[in-house]
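Enquirer: Build me a model from this:
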Amino acid sequence: MKKIFFVLVVAAGFGLIACQSSPKAEGDGKTFGAGVADQSAALEFPAVMGQLDSMQTINVTMKGKVTNVCQKKGCWMKITDPTNTSTEEMFVQFEDYGFFMPKDLAGHTVIMEGKAYTDTTSVEDLKHFAEDDKKSKEEIAAITEPSVEKKFMATGVIIVD
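Expert: Presented below is the predicted three-dimensional model:
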């Protein structure tokens, strides 16, 4: 009887582990969140940034190179142009904090699906993100003005390299 109970407990534990929202394989990459419906539809970073110059919000699939990830728990990342034709960065968060990215993802290329938009980030939020990024107290104290930024709210991300 004890052996049967032990087997059931172990099986239930494996079942719980399998149901967690860990990344799942899709092609050569790993998928987070809802995934990406059509990777081939991904727009290049400069194209999306250009559209945001004239539009407030765009529902889009786009490709970017990760430059930074929240070192506290992976709850945001910054991306740039993977072809290095642009030096602009975009701040990315994940819808409803439904998933997080690996903290060692900087340097990798991702395809994301979601909403690109322009928004003002408050001083309080900028300081919070700087703390997440383990900036020094001096760097955090130097943040005194809100920032207008191009952002992305991702519903799904796939690591492509």
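
Enquirer: only C-alpha atoms for contact and neighbour calcs from this point on.
Expert: Fine.

Enquirer: Next secondary structure after the host helix or strand of Ile79?
Expert: In this structure, Ile79 sits in strand 76-80 according to DSSP states H and E. Proceeding N to C from strand 76-80, the next assigned helix or strand is strand 90-94, under DSSP H and E.

Enquirer: now this protein, which segments are flagged as low pLDDT?
Expert: 1-28 (pLDDT under 70).

Enquirer: Remind me what the strand holding Ile79 packs against, helices and strands.
Expert: Using 3 or more CA pairs under 8 Å, 6 or more residues apart in numbering; DSSP states H and E, the elements in contact with strand 76-80 are strand 57-69, strand 90-94.

Enquirer: Do a quick rundown of the helices in the protein.
Expert: Remark: helices assigned in the chain by DSSP state H are 2-19, 45-52, 123-132, 137-141.

Enquirer: Buried residues, the second one. List them.
Expert: Put plainly, it is helix 45-52. Phe45, Pro46, Val48, Met49, Leu52 (16 or more other CA atoms under 10 Å).

Enquirer: go on, the last one?
Expert: Judged by neighbour count (16+ other CA under 10 Å), helix 137-141 contains these buried residues: Ile140.

Enquirer: And for that helix, what's in contact with it?
Expert: Contacts to helix 137-141, defined as CA atoms under 8 Å, 6 or more residues apart in numbering, come from residues Lys127, Ala130, Glu131.

Enquirer: Extract the CA atoms of it and return them as PDB.
Expert: Coordinates of the C-alpha atoms in helix 137-141 are reproduced here as PDB (Å, rounded to 0.1, in the frame of the first residue of the first chain):
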ATOM      1  CA  LYS A 137      22.200  54.000  -6.400                       C
ATOM      2  CA  GLU A 138      23.800  57.000  -8.200                       C
ATOM      3  CA  GLU A 139      22.400  55.900 -11.600                       C
ATOM      4  CA  ILE A 140      19.000  55.400 -10.100                       C
ATOM      5  CA  ALA A 141      19.000  58.800  -8.300                       C
END
